[in-house]
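Enquirer: got a predicted structure plus its sequence, pasted below:
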Amino acid sequence: MAVALIDRMSPNEHVKPVLAEAKSGAIRCPICDEGGEPHFLAGAHYVYRCTSCRTAFVAPMPDEAYLANFYSNYHVGEGEEGNYANESKMRRKHPVQVELVMKHTALRPGRLLDIGCGKGYFLKECADAGIECAGIELSDTAVRFARSSLGLDVIPGRLDQLGAPPVGAETKALSYSLYGGAGQFDTATMWGVIEHLRDPIRMLRATANVLKPGGKLFVQTGIGDDWLDRLLPGVNQWYDPPQHLFVFSANGMKRSAERTGFRLEHLDTWYDISRRRRYVRAIRNGVAACLLRGVAEVCRLPRPAFQMTKFPLGLSMIAVMTKLS
Ligand SMILES: [Zn+2]
């Protein structure tokens with residue numbers, strides 16, 4: 001019965017048109033370059049899954065102009081909260097993230113770069129802890145807030161697309177070293193960023209370039225192909241294109257590190273900000289997912305109907321990588 005149910009929830013009618021394209025080998029996994037198979041259709045976007053590393057990804061990828069328009073309302077407010085509704089919830093995580101960085105760098109994080117730093121609240125936590133730090137962020141409004149309201153050293157742009165420094169750039173600032181200067185940082189962080197990128201491998205290589213040999217990179221993102229994803233395929237909150245273009249598997253994260261000049265030191269596949277929250281979340285997820293799965297089976301729900309449910313309790317992973325020399 002389980003196999004029949006999985007069949008019913010696996011590539012459905014909506015992805016049949018792209019099956020031939022996948023079979024022809026045209027769709028390759030951006031993480032490990034193996035083949036991709038159609039997973040499902042989410043809104044207007046096809047989600048594929050790598051047949052090797054099991055990372056899910058959107059194909060074809062939306063172009064830059066489409067994403068720029070999509071993100072035009074992200075971090076848009078000039079105030080503390082802006083229109084980014086999850087901000088206050090996310091800020092509770094920052095002290096724990098600083099602790100994690102301290103733990104894995106033996107209390108010596110050195111010069112830290114936060115990639116996709118948003119309004120800079122994590123960096124503020126770092127600065128308050130005495131860490132020398134800088135950030136880079138795509139949103140101009142978020143950069144303005146980080147600089148003027150929090151007094152942080154943040155530059156606008158994308159690490160994998162930085163050109164010459166703009167006229168008037170503060171040459172003594174730590175962030176100035178990002179313009180062409182390789183190997184300046186001891187630690188880099190990417191909190192909830194990598195799943196939004198069109199080309200995570202390119203960004204990881206750019207990150208390796210600005211880290212010193214032996215430098216640490218912390219990556220936090222949602223996790224797919226875990227027990228929850230197998231119980232409710234493609235239903236958890238991370239499957240949310242075009243906001244999320246990737247749902248990494250644990251194996252996909254390991255391969256990403258290997259391809260970009262890092263060694264994966266540590267991988268926590270059910271991360272939360274405290275031990276209590278981690279167990280509560282796992283139990284709550286398990287019970288809710290079994291109930292949902294039961295309803296789907298009893299009612300013989302087709303996959304598209306099943307995916308109308310957005311399961312908001314997907315698990316997160318944290319990867320700690322070390323840059324090889
Ligand atoms: Zn792959």
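Expert: Everything's here; your move.
Enquirer: quick check: neighbours of the lengthiest strand in the chain in the sheet, parallel or antiparallel?
Expert: In the chain, assigned by DSSP state E, the strand with the most residues is strand 211-222. Sheet pairing of strand 211-222 (DSSP bridges) gives strand 185-191 (parallel), strand 316-323 (antiparallel).
Enquirer: tell me which of those strands lies nearest to the ion.
Expert: Taking C-beta to the ion, strand 316-323 is the member of the strands paired with strand 211-222 nearest to the ion, at 15.6 Å. C-beta coordinates here come from the backbone N, C-alpha and C atoms, glycine included.
Enquirer: from the middle of its chain, how far away would that closest one be?
Expert: Centroid displacement of strand 316-323 relative to its chain, using C-alpha atoms, centre = their mean, to the nearest Å, is 11 Å.
Enquirer: F246: how many residues sit nearby?
Expert: 28 (other C-beta atoms under 10 Å).
Enquirer: and it, its phi and psi?
Expert: The phi/psi pair for F246 (degrees, to the nearest 10) reads phi -140, psi 140.
Enquirer: can you check the one 3 residues further on too?
Expert: When quoted as degrees, to the nearest 10, the phi and psi of S249 stand at phi -90, psi 170.
Enquirer: tell me the contacts of it?
Expert: Each residue near S249 by C-beta atoms under 8 Å, 6 or more residues apart in numbering is listed here: 50, 53-56, 223-226.
Enquirer: go with 10 Å
Expert: Going by C-beta atoms under 10 Å, 6 or more residues apart in numbering, S249 touches 31, 49-50, 52-56, 223-226, 229, 255, 269, 317.
Enquirer: could you list which of those also contact the ion?
Expert: Within the set of these, contact with the ion (C-beta under 5 Å from the ion) is found for 31, 50, 52-53.
Enquirer: show only the entries of the residues you listed found in strands.
Expert: The members of the ones next to the ion among the contacts of S249 that map onto strands under DSSP E are C50.
Enquirer: mind putting the ones next to the ion among the contacts of S249 in CSV, distance to L100, pLDDT and neighbour count included?
Expert: Formatted as CSV, those follow (distance: C-beta to C-beta, whole Å; pLDDT from 0 to 100; neighbours: other C-beta atoms under 10 Å):
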residue, distance to L100, pLDDT, neighbour count
I31, 24, 97, 25
C50, 28, 96, 26
S52, 30, 97, 17
C53, 25, 97, 21
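Enquirer: out of the ones next to the ion among the contacts of S249, which two sit at the greatest distance?
Expert: Maximum pairwise distance among the ones next to the ion among the contacts of S249 (C-beta to C-beta): 9.1 Å, between I31 and S52.
Enquirer: between the two, which contacts overlap?
Expert: 249, 251-252, 255.
Enquirer: ok, so of those residues, who is nearest the ion?
Expert: Closest approach to the ion among these (C-beta to the ion): G252, at 5.7 Å.
Enquirer: what about that closest one, how many residues close to it?
Expert: G252, neighbours per other C-beta under 10 Å, totals 28.
Enquirer: for it, give me its contacts.
Expert: G252 is in contact with 29-32, 49-50, 52-57, 200, 221, 223-225, 246, counting by C-beta under 10 Å, 6+ apart.
Enquirer: now P95
Expert: By C-beta under 10 Å, 6+ apart, the neighbours of P95 are 122, 125, 128-129, 273.
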